[in-house]
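> Okay, predicted coordinates and the sequence, questions at the end:
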Amino acid sequence: MSSSAIQYPASGTIPQGPLPFSPVTQVGNMLFVSGQASTDEKGAIVGDTFEGEFRRTMENVRRVLQAAGSDLDKVVRVCGYVRDAADVAQYNQLYREYFKEPFPARTTLTNCLPEIIRFEIDCIAVVD
C-alpha cells in the first residue's frame, strides 16, 4: 500500500491537543478515530461528571467523523474506556442515545484511565 493511500483528514472543528497522534486516519473508505476524551477545542481536558464528560467526548467524536465525511451512524466498531466500573450502567444508558440498533461491535474496558478523565473512546467508521 502506498503512503498516498493513507489520508489524514483535518479540519478546524477537530479538537487538537499536544500529544503526538492524528485524530483520524483514513484508508480507503475506513476511518480510524484516535481516542477522544472530554476536551475543549484546544485539546485541554475538561473535567465534569461522568455524563458531562461522556457527552463532550461524543460531540468531539462526532466532529472528527463529520470533518472526515462520516458520522456516528457510520461507526462499525467502538472501544470505550470507563475509569470507574461503577459508571458502566450509566455508560450503557448514555451510549444508546448516540448509537442505535443494530449497535456497532464494542469492547469496554474499566479501571484503566488516569484520575484526570472519566471516559475515553476510539472507533472505526466508514465513509460512503
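Arrived safely.

> Hmm, Leu94 is touching Thr57, no?
No - contact criterion C-beta atoms under 8 Å: Leu94 and Thr57 do not qualify, at 10.1 Å. (Each C-beta comes from the backbone N, C-alpha and C, glycine too.)

> Can you give me the distance of the closest residue to Ala68 other than its chain neighbours to Leu31?
Sequence neighbours aside, Pro9 is the residue nearest to Ala68 in space, at 3.8 Å (criterion: C-beta to C-beta, 6 or more residues apart in numbering). According to C-beta to C-beta, to the nearest Å, Pro9 and Leu31 sit 8 Å apart.

> My reading is that Val61 is in a helix; is that accurate?
Yes - when DSSP: H, G, I helix; E, B strand; the rest coil is applied, Val61 is found to be in a helix.

> Look at Val88 and give its secondary structure.
helix.

> residues touching it, list them.
Neighbour list for Val88: Val82, Thr108, Thr110 [criterion: C-beta atoms under 8 Å, 6 or more residues apart in numbering].

> And Gln90, by the same measure?
Phe50, Glu51, Phe54.

> If we use 6 Å, what do you get?
Phe50 (C-beta atoms under 6 Å, 6 or more residues apart in numbering).

> Low-confidence stretches in the protein?
The chain contains residues with pLDDT under 70 at 1-4, 11-13, 15.

> which residue ranges form the helices in it?
50-67, 88-98 (DSSP state H).

> Show me what the longest one packs onto, helices and strands only.
Using 3 or more C-beta pairs under 6 Å, 6 or more residues apart in numbering; DSSP states H and E as the contact test, the elements touching helix 50-67 are strand 30-36, helix 88-98, strand 119-126.

> for stretch 101-112, how far is the first residue from the last?
Using C-alpha to C-alpha, to the nearest Å, the end-to-end distance of stretch 101-112 comes to 27 Å.

> what's the burial count for Gln93?
Number of residues near Gln93 (other C-beta atoms under 10 Å) recorded here: 11.

> I should have written Val27 there, sorry.
Residues within reach of Val27, counting by other C-beta under 10 Å, total 11.

> ok, what's across the strand from Leu109?
Counting by DSSP bridges, Leu109 forms beta bridges with Tyr81.

> thought it was touching Tyr81?
Yes - contact criterion C-beta atoms under 6 Å: Leu109 and Tyr81 qualify, at 5.1 Å.
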